[in-house]
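here is the input, now give the coordinates:
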Amino acid sequence: MSHLTQIHALIDARVRAIRVNHADWLCGKGCDTCCRRLAELPQLTAAEWDLLRDGLAALSPQRLDEIGRDLVALAQHGVRPLVCPLLEPSTGTCPVYAQRPVACRSYGFYVQRQLGLYCREIEARVADGSLIDVVWGNHDAIDQWLAKLGESRPLTEWFRSWRCGE
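Sure, this is the predicted structure:
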């Protein structure tokens, strides 16, 4: 089992535990709020990129061109909030969901409060008492696990080097 697969398994276990205790947890099919309000573009390790690239390779050339244009626009303009360039705008779904990066797998279930990286809608439900006994996962641990995979680079850089054959 690769280190990335182990990280995925740990995140999946945490997500399952949260869902068992909180059947009304907001993160799930049909929710694309975090994808439409990214704090920053995901940083990916080489192992994460390899997996994501496999998912991207299955997309149509037209869709890859659209993603490329969206990534260039994000890199040049940095307009906030950022909308994930991989998000299918008409359906609100992720075409590479099975290959998504760790940042996407953990968002809404893990928290980095000092960076403002957490779901504000879930936090609001915790604050108003409609979600009680919530225990967020610790994203610092995920960051430490990812660091063992090596350096991270922005999605824009990985995509550009792949499409340009660098």
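
need the pLDDT of residue 110.
The per-residue pLDDT reported for residue 110 equals 65.

only the buried residues of the top helix by length along the chain, if you could.
Taking DSSP state H as the criterion, the chain has its longest helix at helix 3-21. Neighbour counts over helix 3-21 (16 or more other CB atoms under 10 Å) mark 4, 7-8, 11, 14-15, 18 as buried. All C-beta atoms are positioned from the backbone trio N, CA, C, and that covers glycine.

what's the answer for stretch 139-150, then?
139, 142, 145-146, 149.

do stretch 149-157 as well
Result for stretch 149-157 [16+ other CB under 10 Å]: buried residues 149, 152, 154-157.

and the spatially most central residue of the chain, what element?
Centroid-nearest residue in the chain: residue 104, 1.5 Å away (criterion: CA atoms, centre = their mean). Here residue 104, judged by DSSP states H and E, is contained in helix 102-106.

now that helix, how far from the centre of its chain.
Computed by CA atoms, centre = their mean, to the nearest Å, the separation of helix 102-106 from the middle of its chain amounts to 4 Å.

output the contacting helices and strands for it.
When contacts are defined as 3 or more CB pairs under 8 Å, 6 or more residues apart in numbering; DSSP states H and E, helix 102-106 sits against helix 3-21, helix 139-147.

I'm done for today, thanks for sticking with me.
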